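Peer 1: return atomic coordinates for the entry below.
(chains A and B)
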2 protein chains.
Amino acid sequence: MFTGLSAFPLTPMNEQGIHENEFSRLVMGLAEARVDSIGVLGSTGNYAYLNAEERARVAKLCVEHAGPVPVVVGIGALRTRDVLVNAENAQQAGASGVLLAPVSYQKLTDDEVYTLYETVCSSLSVPLCVYDNPGTTHFEFSDELHGRIAQLPQVRSIKIPPVQDDIAVAKERVARLRVVIPNDVTIGISGDPAAATGLLAGCNAWYSVIGGLYPETALALTRAAQAGDVQQANALSVALEPLWALYREHGGSLRVAATIAELTGKVSQPCLPQPLKTLQGDARKRVGAVIEALSLS
Amino acid sequence: MFTGLSAFPLTPMNEQGIHENEFSRLVMGLAEARVDSIGVLGSTGNYAYLNAEERARVAKLCVEHAGPVPVVVGIGALRTRDVLVNAENAQQAGASGVLLAPVSYQKLTDDEVYTLYETVCSSLSVPLCVYDNPGTTHFEFSDELHGRIAQLPQVRSIKIPPVQDDIAVAKERVARLRVVIPNDVTIGISGDPAAATGLLAGCNAWYSVIGGLYPETALALTRAAQAGDVQQANALSVALEPLWALYREHGGSLRVAATIAELTGKVSQPCLPQPLKTLQGDARKRVGAVIEALSLS
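Peer 2: From the prediction side, this is the model:
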């Protein structure tokens, strides 16, 4: 489950609630494209902005519409108590796995983060992916801590932040992590612009934002990298450079992906929880122009 | 209300719930000491870890036990929808004011933060203090943005992060902010170690963690600074240097203050929401030694 393309759909919503039909259609599209897994309620799915009941409902809808594709549910929350509730609800919904980031308000210590994973794992009957995303959690994992957490039997994957563009540097980074974790714990790359390099550097999975909107495009890149076709994987990523440039300009993928979804009619507008906003004005027009120029599916 | 000493009590809790009696006793101690205001559900009060019902209950308990002292309630949340609920509950509880930080999971833009304050202010009938705490919110206010937000009629104060130790530098920092905000919007200093310098540099209030445990100690420092007694204010702060050193060592005041409260029997152990932990082992012993050596009340 924690290998290949894991596609992360948006959770379209407004201040009144979740757009369930739109969400279900996004999931059905991913299932039809036969992505390797669906990562629901990731950062792209705005898990942190939803309450426990909404999250349980989204997990259930996703499993119902994912067909045979395994569903991984984000269970992160500021408080361990709430993570445990989300974990139980995800399992009840039929999740095949869960994704847990050490979300913080007060900066967390290594000991606190270890205990969080230990506590949650002891209550789990499905595998867990450690979600390492310092850009949103403001927690920096050391490799030593990754090594300790990865010994917990429920931990089966680590979702790492973007590797550097230089393939040699990326390979070294993946290798450094690889030696401190069990052989059967996979490493997955995050940050779409780093996907090709990450996969070619030895990552086993791509936890993908663009895969949540354009699964065939993301699958083509993933399959090329998995086949060792360096040239093709890189070419497919380079072709998406105008999109990566928009990510860089707007502080990450979320607002760009949500704007694309609105512009292409996949979701209604607005689709993000306030205070978050999709791009407006000139920035929105430029996103539209990039999407029109690229041939995505 | 947003001048002088605003004391921020802990919200003692464990995984089962809030220790209401302990909390009420903390508040009564602050009321008896006649602090200028009580800041409940600040970062010290772990607002971010409690749900809306718990926060409404804590606000109500605080108002009930604060006597004539005005109560300011923290209403921050990741989602605007939840901030609005917290604001309404705080007002229903009898809050004299509210405190709002732009809490983030996805990094926020200036435009998003402005709209958040605008939206919340339009629903408020009590004054608001802007809570600028990049250490927990990961949002950096520009003075330009502070100036725009401070024009909203409900905004009556800004709680700023620590100023530098150098009084000349601190005065410049306060003066730079002062010129861009209305005259009757107060500036309050955060970060106990910077309190004396902040007040002497022109801040109108001290939003105080140690004041939530030792109100008389904090009042003495506040009154000295308000009277322009530079020597006395600085001497009182210097005397607390062993405490400030513990804050620096443990990434801020929360874990130190919570450990003190446990060690002195003001709250039962544990008092923090998991995954947060109070200090244990050697660090805990050193906190005990510092508190024993200082004469706090």
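
Peer 1: please enumerate the helices of the stretch 151-297 of chain A.
Peer 2: In the stretch 151-297 of chain A, the segments counted as helices under DSSP state H, counting those that start in this stretch are A:167-178, A:195-200, A:215-226, A:230-239, A:241-249, A:254-263, A:281-293.

Peer 1: mind giving me the packing neighbours of the third one?
Peer 2: This means helix A:215-226. strand A:4-7, helix A:20-33, helix A:195-200, strand A:205-208, helix A:230-239 (3 or more CB pairs under 8 Å, 6 or more residues apart in numbering or on different chains; DSSP states H and E). Using the backbone N, CA and C atoms, a C-beta is placed for each residue, glycine as well.

Peer 1: between the ones you listed, which gets nearest to B:K277?
Peer 2: strand A:205-208 (29.6 Å; CB to CB).

Peer 1: write out the residues of the stretch 1-150 of chain A neighbouring chain B.
Peer 2: Contact residues (CB under 8 Å from any CB of the partner chain) of the stretch 1-150 of chain A with chain B: A:15, A:43, A:48-49, A:78-81, A:102-103, A:105-109, A:111-113, A:115-116, A:119, A:135-136, A:138.

Peer 1: you'd agree A:Q92 is in a strand?
Peer 2: No - under DSSP: H, G, I helix; E, B strand; the rest coil, A:Q92 sits outside any strand and is assigned helix.

Peer 1: share the number of residues neighbouring it, please.
Peer 2: The tally of other residues near A:Q92 (other CB atoms under 10 Å in any protein chain shown) stands at 12.

Peer 1: and what of A:E64?
Peer 2: Neighbour tally, A:E64, other CB under 10 Å: 14.

Peer 1: just the pLDDT for it.
Peer 2: Listed pLDDT for A:E64 reads 98.

Peer 1: repeat for A:L108
Peer 2: With respect to pLDDT, A:L108 has a value of 98.

Peer 1: surely it touches A:P102?
Peer 2: Yes - here A:L108 reaches A:P102: they are 5.7 Å apart, a contact under CB atoms under 8 Å.

Peer 1: before we move on, back to that, which one of the helices of the stretch 151-297 of chain A is the most hemmed in?
Peer 2: Burial of these is given as mean neighbour count (mean count of other CB atoms under 10 Å in any protein chain shown); helix A:195-200 ranks first at a mean of 28.

Peer 1: contacting residues around it?
Peer 2: With CB atoms under 8 Å, 6 or more residues apart in numbering or on different chains as the test, helix A:195-200 has contacts from A:160, A:162-165, A:167, A:170, A:174, A:189, A:191, A:206, A:208, A:218, A:221-222, A:225-226, A:230, A:233-234, A:236-237.

Peer 1: mind listing what A:D36 touches?
Peer 2: A:D36 sits next to A:1, A:3-6, A:69-70, A:205, A:222 when contact means CB under 8 Å, 6+ apart.

Peer 1: between the residues you listed, which sits nearest B:S125?
Peer 2: Nearest to B:S125 among the contacts of A:D36, with distances taken as CB to CB, is A:S6, at 47.3 Å.

Peer 1: list the residues that contact both of A:L108 and A:P102?
Peer 2: Joint contacts of A:L108 and A:P102 (CB under 8 Å, 6+ apart) are A:116, A:139, B:275.

Peer 1: out of these, grab the one that's most surrounded.
Peer 2: B:P275 (26 neighbours).

Peer 1: is it true that that residue touches A:T80?
Peer 2: Yes - using CB under 8 Å, B:P275 is in contact with A:T80, at 5.0 Å.

Peer 1: can I have the buried ones of the residues of the stretch 1-150 of chain A next to chain B as a PyMOL selection?
Peer 2: Entered in PyMOL, the line below selects the buried ones among those, by 16 or more other CB atoms under 10 Å in any protein chain shown:
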select buried, chain A and resi 43+48+49+78+79+80+81+102+103+105+106+108+109+112+113+115+116+119+135+136+138
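
Peer 1: mind checking which of the residues of the stretch 1-150 of chain A next to chain B are in helices?
Peer 2: A:80-81, A:111-113, A:115-116, A:119, A:135-136 (DSSP state H).

Peer 1: the closest residue to A:P153 other than its chain neighbours: what's it in contact with?
Peer 2: Among residues not flanking A:P153 along the chain, A:C121 sits closest, at 7.3 Å (CB to CB, 6 or more residues apart in numbering or on different chains). Taking CB under 8 Å, 6+ apart, we find A:C121 in contact with A:128, A:152-155.

Peer 1: most widely separated two among these?
Peer 2: Farthest pair in the contacts of A:C121 (CB to CB) is A:L128 and A:P153. Separation: 9.7 Å.

Peer 1: more crowded one of the two?
Peer 2: A:L128 (24 against 11).

Peer 1: phi first, then psi, for the closest residue to that one other than its chain neighbours.
Peer 2: With CB to CB, 6+ apart as the criterion, A:L128 has its nearest non-adjacent residue at 4.7 Å, and that residue is A:Q154. Main-chain torsions, A:Q154, degrees, to the nearest 10: phi -80, psi -20.

Peer 1: so A:D110 sits against A:L145, correct?
Peer 2: Yes - counting by CB under 8 Å, A:L145 is a contact partner of A:D110 at 5.1 Å.

Peer 1: neighbour-wise, which of those two wins?
Peer 2: Neighbour count, other CB under 10 Å: between A:D110 and A:L145, A:L145 has more, with 20 against 16.

Peer 1: now that one, what's its secondary structure?
Peer 2: helix.

Peer 1: confidence score at it?
Peer 2: 98.

Peer 1: all set, thanks.
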